[in-house]
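Undergrad: Fold the following, please.
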Amino acid sequence: MHTLHQTLGVPPAINASGKMTALGGSVLSDGVIAAMGDAARQHVVMDDLIIAVGREIARATGTEDGCPTTGAASGVAIAVAAVIAGTDLTRIEALPDPGDAPCEVILPRGHSVHFGAPVRQLVALGGGRPVEVGAANKVTAAHLSGAIGPRTAALLYVQSHHAVQKGMVTLAETVEVGRRHGIPVIVDAAAEGDLRHWPATGADLVIYSGGKAVGGPTSGMICGSAALMTACRAQYGGIARPMKVGKETLFGLVQALREYGTDAPVDHRERMEKLADRLAALPGITTRVVADEAGRAIHRTELTVDPEQAGRDASRLAAELAAHGIHLRDHHALTGRLFIDPRPLRPDEEERLVGQLTALLEGEGR
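TA: Below you'll find the model as predicted:
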């Protein structure tokens, strides 16, 4: 019997990189898969389902209401569209042309990131004009306040490992500036796991991925006040139409939200320390265990590659592993560092990773 992986010629990947869109997000639980199967067997009134799923998002995030999306990226575009056009159908149907509505979306320059696409582009899709303030490594509350004018629609704060972590204005400061000027604050917290924390900061709209920390299918969600979520849903009659979410995804997202947080948190630090000890014996590899740079409760094994001793640099080593179906976290490969993320990595896959690294550095690849 041939699986679709085989007939398509796309074998399963070993993911030591994290909950990454490029590797399919999350491996789904049996409960989520069953919920998606249930949805596939029945019809449903989609408008009613989207509202019901919004209630589930609100329950999980501690907010008044929610709006499901195809992902956090579409959530940014929809949130921006909502603060610009509201529920005005004429404005909704005119987007991404905002007309005479305020449309400037102010964000710290260190938050103008590329996560597979530029966040500026998602702002523009929603009718916004991104306005970057400060420098890449220094943004203050004064930078935000100084950029606010009659055309300002929102402040955008990107909570992400992609963003610059040093020298940036805090979210608390951003919310304070927004409150003082009567400007809504949008938070892109795509991969964050504490679903109640970010709305509790006072942010007006918070965006999450449903397919990363939550463990659902490729999806997303926005949460906030009832009025703003009504405006977000209204965008499905405009720019969000090509971003519509299928019933199977919605059922899967709900099941993932209901399961989320029911298991005790897993601290992988000890596991990563043992792995670091094993890999430190390989030629050209120095290891240590490091905490997540964006402050999440994640510990990873860091590999620093000495090109002379290893016979290749970090980028080439990552590429060679990828050619064998093993994907490390390579965001810092140009600085000689690779990372192993334990969350999606099964014990048997960890053994295959160790075996392949050993083969490359001690055997066939030398």
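
Undergrad: Alpha carbons only: can I get the worst-scoring helix or strand of the chain on mean pLDDT in PDB?
TA: Ranking every helix and strand in the chain by mean pLDDT, DSSP states H and E puts helix 4-8 at the bottom, with a mean of 88. Written as PDB, here are the backbone C-alpha positions of helix 4-8 (Å, rounded to 0.1, in the frame of the first residue of the first chain):
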ATOM      1  CA  LEU A   4       0.300   9.800  -0.600                       C
ATOM      2  CA  HIS A   5       3.800  10.800   0.600                       C
ATOM      3  CA  GLN A   6       5.200   8.100  -1.600                       C
ATOM      4  CA  THR A   7       3.000   8.700  -4.600                       C
ATOM      5  CA  LEU A   8       3.700  12.400  -4.500                       C
END
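
Undergrad: outside of the helix or strand following it, which residues touch it?
TA: The helix or strand immediately downstream of helix 4-8 is strand 14-16, counting by DSSP states H and E. Surrounding strand 14-16, the residues in contact under the criterion C-beta atoms under 8 Å, 6 or more residues apart in numbering are 23-24, 325-329, 340-341, 344-345, 349-350, 352-353. C-beta: built from backbone N, CA, C; applies to glycine.

Undergrad: Filter those residues down to just the ones in helices.
TA: Among the contacts of strand 14-16, the members falling in helices (DSSP state H) are 349-350, 352-353.

Undergrad: sorry, back to before: please list only the buried members of the contacts of strand 14-16.
TA: The neighbour-count test (16 or more other C-beta atoms under 10 Å) marks 23-24, 326-329, 340-341, 344-345, 349-350, 352-353 as buried among the contacts of strand 14-16.

Undergrad: wait, what's in contact with the closest residue in space to Thr70 that isn't next to it in sequence?
TA: Excluding its sequence neighbours, the residue lying closest to Thr70 (C-beta to C-beta, 6 or more residues apart in numbering) is Met243, at 4.9 Å. Residues in contact with Met243 (C-beta under 8 Å, 6+ apart) are 69-70, 74, 77-78, 236.

Undergrad: Now flag whichever of the contacts of strand 14-16 is closest to Ala147.
TA: Of all the contacts of strand 14-16, the one sitting nearest Ala147 is Arg329; the distance, using C-beta to C-beta, is 34.1 Å.

Undergrad: Please name the bridge partners of that closest one.
TA: Phe339 (DSSP bridges).

Undergrad: if we can go back for a sec, just the pLDDT for the residue nearest to Thr70.
TA: With respect to pLDDT, Met243 has a value of 97.

Undergrad: Number the chain from 261, please
TA: All right, first residue 261 from here; so that's Met503.

Undergrad: I figured Leu431 was touching Tyr417, is that so?
TA: Yes: here Leu431 reaches Tyr417: they are 5.4 Å apart, a contact under C-beta atoms under 8 Å.

Undergrad: neighbour-wise, which of the two wins?
TA: Neighbours per residue (other C-beta atoms under 10 Å) separate Leu431 from Tyr417, with Tyr417 holding more: 29 against 18.

Undergrad: which phi and psi does that one have?
TA: The phi/psi pair for Tyr417 (degrees, to the nearest 10) reads phi -120, psi 120.

Undergrad: Where does Asn392 sit: helix, strand or coil?
TA: Actually, residue 392 is Glu. It isn't Asn. Following DSSP: H, G, I helix; E, B strand; the rest coil, we place Glu392 in the strand state.

Undergrad: roughly how far apart are Ala574 and Asp566?
TA: 10 Å (C-beta to C-beta, to the nearest Å).

Undergrad: Same check on Val336?
TA: Val336 is 40 Å from Asp566, by C-beta to C-beta.

Undergrad: mind listing what the nearest residue to Val287 once chain neighbours are set aside touches?
TA: Of all residues not flanking Val287 in the chain, Pro604 sits nearest, at 6.5 Å (C-beta to C-beta, 6+ apart). Applying C-beta under 8 Å, 6+ apart to Pro604 gives the contacts 275-279, 283, 286-287.

Undergrad: one more time with 7 Å, if that's ok
TA: 275, 278-279, 287 (C-beta atoms under 7 Å, 6 or more residues apart in numbering).

Undergrad: Which ones among the residues you listed lie within strands?
TA: Asn275 (DSSP state E).

Undergrad: top of the contacts of Pro604 by neighbour count?
TA: Going by other C-beta under 10 Å, Asn275 tops these with 25 neighbours.

Undergrad: Distance check, that residue against Ala377.
TA: From Asn275 to Ala377 the distance is 21 Å (C-beta to C-beta).

Undergrad: What helix or strand is Gly453 located in?
TA: Using DSSP H and E, Gly453 falls outside every helix and strand.

Undergrad: what residue ranges in this structure score low on pLDDT?
TA: Filtered on pLDDT under 70, the chain yields the residue ranges 261-262, 523-525, 624-626.

Undergrad: how about a cut-off of 50?
TA: 261 (pLDDT under 50).

Undergrad: excluding its backbone neighbours, what's nearest Ile293?
TA: Closest residue to Ile293 apart from its sequence neighbours, by C-beta to C-beta, 6+ apart: Gly512 at 7.7 Å.

Undergrad: Contacts only, for that neighbour.
TA: Gly512 sits in contact with 288, 292, 295-296, 476-477, where contact means C-beta under 7 Å, 6+ apart.

Undergrad: which parts of the helix or strand it falls within are buried?
TA: Element membership of Gly512 [criterion: DSSP H and E] is helix 507-519. Within helix 507-519, the residues that count as buried by 16+ other C-beta under 10 Å are 507-517, 519.
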